[in-house]
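Chemist: mind folding the following:
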Amino acid sequence: MLEQFLIEHCSPTLASLKTANLFCYSYQKEDSLKEQVKLWNCQLAEKGVSVVILKERAEKALIYVYRPNKLQEDLDRRDTADFLTQYGYEAGFSLEQVLLHLQERFKNSDCFPHEIGLFLGYPLGDVVGFIENDGRNSKCSGCWKVYCNECEAIRKFRKFKKCQTVYKKLFQQGRSVLQLTVAV
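Modeler: Residues are numbered from 1 along each chain as shown. All right, here's what the predicted structure looks like:
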């Protein structure tokens, strides 16, 4: 069942077009969910993809699928690292520490921590624009609300949508998530 969600919500990450994706997943047994996540981590690790549960509540889990190398690259940008210090992320944090801190931010908040966009590969200017404008006044929206480079964002949105369409079709034709995941 998780396989369908990976295709539906994470195709751009599986195709190595995007740093990460996030989706909400309903489950009945916590042990079963954790087993599925562990299984997918084992299978996708060889392709450079990781899966983590960011938050659980009332038989729903927020699942984060990401490319560790790409995420590290994104978070190592000086302006991004400086911005994240405002939210308690310290310079020198390992990727594991960063994700643990993000999980804590989810636990201690009723809403999404605003910095989540950086963990999904969104441009810093758009994340800052969203925060400063309380989610209003964007130039356009697609995978995220755009405040800076509208043309580039629209191009990416189209690319991600095309990827999702192709992956869904190939999956329906019998290709597996592993076959559709690009190794990097």
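Chemist: going by C-alpha atoms from here, please, whenever you check contacts or count neighbours.
Modeler: OK.
Chemist: Q4 versus Q173, what's the distance?
Modeler: 13 Å (C-alpha to C-alpha, to the nearest Å).
Chemist: helices along the protein, start to end?
Modeler: Taking DSSP state H, the helices of the chain run over residues 2-14, 30-45, 68-75, 78-85, 95-107, 116-119, 124-132, 150-172, 177-180.
Chemist: thinking again about what came up before, more neighbours, Q173 and Q4?
Modeler: Q4 (14 against 9; other C-alpha atoms under 10 Å).
Chemist: quick check, pLDDT for the more buried one.
Modeler: Among the per-residue scores, Q4 holds a pLDDT of 96.
Chemist: likewise E115?
Modeler: pLDDT for E115: 96.
Chemist: equivalent analysis for A91, please.
Modeler: Value for A91, per-residue pLDDT: 85.
Chemist: can you count the residues close to the closest residue in space to it that isn't next to it in sequence?
Modeler: Nearest residue to A91, sequence neighbours excluded (C-alpha to C-alpha, 6 or more residues apart in numbering): A81, at 7.0 Å. Neighbour count of A81, defined by other C-alpha under 10 Å: 16.
Chemist: quick check, Q164 in contact with E8.
Modeler: Yes - using C-alpha atoms under 8 Å, Q164 is in contact with E8, at 6.7 Å.
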